[in-house]
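K.L.:
Based on what follows, work out the 3D shape:
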Amino acid sequence: MRAVVQRSRFSRVTVNQEEKGSIENGLVVLLGIKKGDNYNDVAYLVDKIINLRIFPDQDGKMNLSLLDTGGEVLLVSQFTLYGDARKGRRPSFSEAEIPEAALPLFNQCINLIENAGIKVATGEFGAEMMLMIANDGPCTILLDSEKTF
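P.N.:
Residues are numbered from 1 along each chain as shown. Down below sits the predicted model:
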């Protein structure tokens, strides 16, 4: 499971020009689910995301997490994070999980984040979406559940 995590001042996601979700201060998380991912991958990434100390403290140092700041999460499924463009010019997405297996894992992510007391907004799973992200910093972190050591 992979996540691109961006610190954000304001972000929103729309489908067919209709807003589906928005956040104020917090994190935008683009989430890719790989074939074979399971609850352990979900739990690992969610723990990293909610405890990631990338918000500034009173001295301006990145020292605070979502839990410390009361930030929100905009969680968006993005199978293209498993695009492999090593061969040719057109990426292959053969490592990405099929939607029927990915959706339950995506929903588990939502539940774990909400259970931590964090507001979660989402787009529409499997839809073509338009994201507007006010990347604060900019600050972007890449997370991968296969890279735990």
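K.L.:
Would you map the helices across the protein?
P.N.:
For the chain, the helices defined by DSSP state H cover 39-51, 66-69, 99-115.
K.L.:
Next, format these as JSON lines and append mean neighbour count.
P.N.:
For glycine as for every other residue, the C-beta is placed from the backbone atoms N, C-alpha and C. Formatted as JSON lines, those follow (neighbours: other Cβ atoms under 10 Å):
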{"stretch": "helix 39-51", "mean neighbour count": "18"}
{"stretch": "helix 66-69", "mean neighbour count": "16"}
{"stretch": "helix 99-115", "mean neighbour count": "16"}
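K.L.:
any chance of those in TSV, plus mean pLDDT and distance to L131?
P.N.:
Shown next, in TSV, are the helices of the chain (pLDDT from 0 to 100; distance: least, Cβ to Cβ, whole Å):
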stretch	mean pLDDT	distance to L131
helix 39-51	97	17
helix 66-69	97	19
helix 99-115	98	16
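K.L.:
so which of those helices comes closest to K20?
P.N.:
Nearest to K20, of all the helices of the chain, is helix 99-115, at 13.3 Å by Cβ to Cβ.
K.L.:
now that closest one against helix 39-51, angle please.
P.N.:
40 degrees (axes from the mean of the first three to the mean of the last three Cα atoms, to 10 degrees).
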